[in-house]
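Student: Test case, fold it:
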Amino acid sequence: MRRFGIALAGLAAILAAEACATREASAGSDPTNASPIYGVMIPAGYRRWELVAPALEADPLNELRAVVGNSIAIEAYRAGTLPFPDGTVLVKLAWKRAQSPEFEPASVPGAATTVQVMVKDSKKYAATGGWGFGRFVDGKPVDEAQHQTCFACHEARVRGRDYVFTRLAP
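Tutor: Numbers count the residues shown, from 1 in each chain. Here you go, the predicted structure:
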């Protein structure tokens, strides 16, 4: 009976992983989920990508964030390649900061707030430094007005780093 319980738990874990992968794949392939202006979508499988760096955003946002990158992004970071090559994709995940119920001094992710995506395609996005942007809440792109602020913010602050804020964590 115990073996059956272990096997059942294992099957449940596999099915949960498959359901998650299916949701990610469908979110990344539905054109109605593309960001206005840029047409960027949430990439399938991004939660399995390598961590570039975590971050803590102070008030008023009060968020924990993590940036992950596809293999092209990670190779460019490690080699110190600037500008980033076409095909680079960076995804920032953000959560409200919450106090850990198990360890009072620790902050842990609370409610998810946004997923933000940057896609490097120097021809397609030539007018915006070679980058396309997407900002998503609950898997849906935010409005065009919010997307109009993306490049202006990156251009004003990190032009010399190919418009990318996040540095590879040591």
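Student: only C-alpha atoms for contact and neighbour calcs from this point on.
Tutor: Noted.
Student: Please name the residues that touch the most centrally placed residue in the chain.
Tutor: The residue lying closest to the centre of the chain (Cα atoms, centre = their mean) is residue 91, at 2.2 Å. By Cα atoms under 8 Å, 6 or more residues apart in numbering, the contact set of residue 91 is 46, 67-69, 115-118.
Student: for residue 69, same thing?
Tutor: Taking Cα under 8 Å, 6+ apart, we find residue 69 in contact with 46, 49-52, 88-91.
Student: tell me the two of those that are most distant?
Tutor: Spatial extent of these (Cα to Cα) is set by the pair 51 and 88 at 14.0 Å.
Student: Check the nearest residue to residue 150 once chain neighbours are set aside and give its pLDDT.
Tutor: Take residue 150 and drop its neighbours on the chain: the residue closest to it by Cα to Cα, 6 or more residues apart in numbering is residue 133, 6.8 Å away. For residue 133, the pLDDT comes out at 98.
Student: burial measure for residue 133, as a count.
Tutor: 27 (other Cα atoms under 10 Å).
Student: next one: phi and psi at it?
Tutor: phi -130, psi 150 (degrees, to the nearest 10).
Student: what's it in contact with, if anything?
Tutor: 35, 38, 40, 116-119, 147, 150-151.
Student: Please indicate which of those are buried?
Tutor: 35, 38, 40, 116-119, 147, 150-151 (16 or more other Cα atoms under 10 Å).
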